[in-house]
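Trainee: Predicted model, plus sequence, below.
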Amino acid sequence: MNYKFTLIPGDGIGPEITKSAIRVIEGAGIKVDWEITEAGLCAFDKYKDPLPQDTIDSVAKNKIALKGPLTTPVGKSFRSVNVALRKEFDLYVNKRPAKTYQGIKTLYFDHIDIMMFRENTEEFYSGIEHYIDSSRTAAETIGIVTKRGCERIVRYAFEYSRKNNRKKVTAVHKANIMKYTGGIFLKVAQDIAAEYHEIEFNDKIVDNMAMQMVMNPYQFDVIVTTNLFGDILSDLASGLVGGLGMAPGANIGSDIGIYEAVHGSAPDIAGKNLANPAAIILASVMMLEDVGELKASQRIEKAVAVVLAEGKKVTKDINPVNYVSTDEMTDAILEKLDTK
């Protein structure tokens, strides 16, 4: 099958690592006609718009997009393009795996394999905020949580668990303090959990959850939570398995998926052929899984795992002493793809 997907190379190291992902996808035998579009700081500089209409139209038409990291200036200029894309296409699922790979240094000896599902459109990222005095010394942000929003993300987590033979779902909340917003989420999670008798369910208050994830991450399998808590805990989970350099992500709606490396654009090493392409390649694995290309996705993940385990042809962030370039690490992954 020939696919047509949208490619958003992104800012900084984005064009370099997305090029690596394209090479690996093609190396696995998947034919894609890439429609290249722009977003982020590069688009703002060029079009005075960080999310041009052409990019929105391309994603709407092709339904699947692979996206490099985008730069969002802190405290000024434009809002996050990532948030804008999620709201534009109602991408209510943020899917973040945290998985250990041999060869990646972590603080833990045993294998960690956590899947995090974060509600992606509501709560404190709804964009409802304003100053409450004329001198701008006080501000208010309003977090809106709906029963429908909670139902969608919780059911997605349970359906994923059932389909992928996951054994346990943990719902994370702050219902002891935020009794209304947190209460809605917890009640929905409890009600939906009752429909999935084969899957163990528990819930944890978010501050305790953060501690428990550090002390014993092995007790967790699938985690589902609200927007802000999910943003924080998914990065914490990435830290358990080696950092954001190994963190792929997906933003999924009813008929559109945008797959990405969740790390930053790293402008300090942009154009130097030094960036680790693993996260965007693993995001491609998730993308291929979701379009039904299971054999190709498994081959790619296995090739990445072998290269990481060998540790001889990896980038500087993985092996600071003996390292290779982005292109050379990509070549090594392609070589493993060709190995029976």
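Mentor: Done, it's in.
Trainee: alpha carbons only for contacts and neighbour counts from here, please
Mentor: OK.
Trainee: what pLDDT does the residue most central in space within the chain get?
Mentor: Nearest to the mean C-alpha position of the chain, by CA atoms, centre = their mean, lies residue 249 at 1.7 Å. Here the pLDDT value assigned to residue 249 is 97.
Trainee: Isn't it up against residue 261?
Mentor: Yes: contact criterion CA atoms under 8 Å: residue 249 and residue 261 qualify, at 6.0 Å.
Trainee: can you list residues touching both of the two?
Mentor: By CA atoms under 8 Å, 6 or more residues apart in numbering, residue 249 and residue 261 have these common neighbours: residue 283.
Trainee: Residue 229: neighbouring residues, count only.
Mentor: Applying other CA atoms under 10 Å, we find 20 residues neighbouring residue 229.
Trainee: May I have the residues that are in contact with it?
Mentor: Contacts of residue 229 (CA under 8 Å, 6+ apart): 118, 172, 173, 206.
Trainee: Repeat that for residue 138.
Mentor: 131, 132 are the contacts of residue 138 under CA under 8 Å, 6+ apart.
Trainee: mind listing the helices for this protein?
Mentor: 14-27, 41-47, 53-62, 81-88, 147-163, 181-193, 206-215, 227-240, 278-290, 294-310, 326-337 (DSSP state H).
Trainee: JSON lines for these, including mean pLDDT and distance to residue 257?
Mentor: Below are those laid out as JSON lines (pLDDT from 0 to 100; distance: least, CA to CA, whole Å):
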{"stretch": "helix 14-27", "mean pLDDT": "97", "distance to residue 257": "16"}
{"stretch": "helix 41-47", "mean pLDDT": "87", "distance to residue 257": "21"}
{"stretch": "helix 53-62", "mean pLDDT": "97", "distance to residue 257": "9"}
{"stretch": "helix 81-88", "mean pLDDT": "90", "distance to residue 257": "10"}
{"stretch": "helix 147-163", "mean pLDDT": "98", "distance to residue 257": "14"}
{"stretch": "helix 181-193", "mean pLDDT": "98", "distance to residue 257": "24"}
{"stretch": "helix 206-215", "mean pLDDT": "98", "distance to residue 257": "28"}
{"stretch": "helix 227-240", "mean pLDDT": "96", "distance to residue 257": "18"}
{"stretch": "helix 278-290", "mean pLDDT": "97", "distance to residue 257": "8"}
{"stretch": "helix 294-310", "mean pLDDT": "97", "distance to residue 257": "16"}
{"stretch": "helix 326-337", "mean pLDDT": "97", "distance to residue 257": "24"}
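Trainee: ok, and which of those helices has the densest surroundings?
Mentor: With neighbours taken as mean count of other CA atoms under 10 Å, those reach their highest mean count in helix 278-290, at a mean of 24.
Trainee: Pull the residues that contact it.
Mentor: 17-18, 20-21, 24-25, 66, 68, 244-250, 257, 259-262, 294, 296-298, 300-301, 304.
Trainee: Would you mind getting the angle between it and helix 294-310?
Mentor: 160 degrees (axes from the mean of the first three to the mean of the last three CA atoms, to 10 degrees).
Trainee: Next, the angle helix 326-337 makes with helix 278-290.
Mentor: Going by the same axes, to 10 degrees, helix 278-290 makes 40 degrees with helix 326-337.
Trainee: C-alpha coordinates for stretch 120-139, PDB please?
Mentor: What follows is stretch 120-139 as a C-alpha-only set of coordinates in PDB (Å, rounded to 0.1, in the frame of the first residue of the first chain):
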ATOM      1  CA  ASN A 120      -5.200  16.300  25.800                       C
ATOM      2  CA  THR A 121      -7.700  19.100  25.200                       C
ATOM      3  CA  GLU A 122      -9.200  20.200  28.500                       C
ATOM      4  CA  GLU A 123      -8.400  21.400  32.000                       C
ATOM      5  CA  PHE A 124      -5.700  24.100  32.500                       C
ATOM      6  CA  TYR A 125      -4.600  23.900  28.900                       C
ATOM      7  CA  SER A 126      -8.000  25.000  27.600                       C
ATOM      8  CA  GLY A 127      -6.500  28.500  27.100                       C
ATOM      9  CA  ILE A 128      -8.900  30.300  29.400                       C
ATOM     10  CA  GLU A 129      -6.700  32.700  31.300                       C
ATOM     11  CA  HIS A 130      -6.500  36.500  31.900                       C
ATOM     12  CA  TYR A 131      -5.100  39.200  34.100                       C
ATOM     13  CA  ILE A 132      -7.400  40.300  36.900                       C
ATOM     14  CA  ASP A 133      -5.900  43.700  37.500                       C
ATOM     15  CA  SER A 134      -5.000  46.600  35.200                       C
ATOM     16  CA  SER A 135      -1.300  46.500  36.300                       C
ATOM     17  CA  ARG A 136      -1.000  42.800  35.400                       C
ATOM     18  CA  THR A 137       0.300  41.700  38.800                       C
ATOM     19  CA  ALA A 138      -2.300  38.900  39.200                       C
ATOM     20  CA  ALA A 139      -3.700  36.400  36.700                       C
END
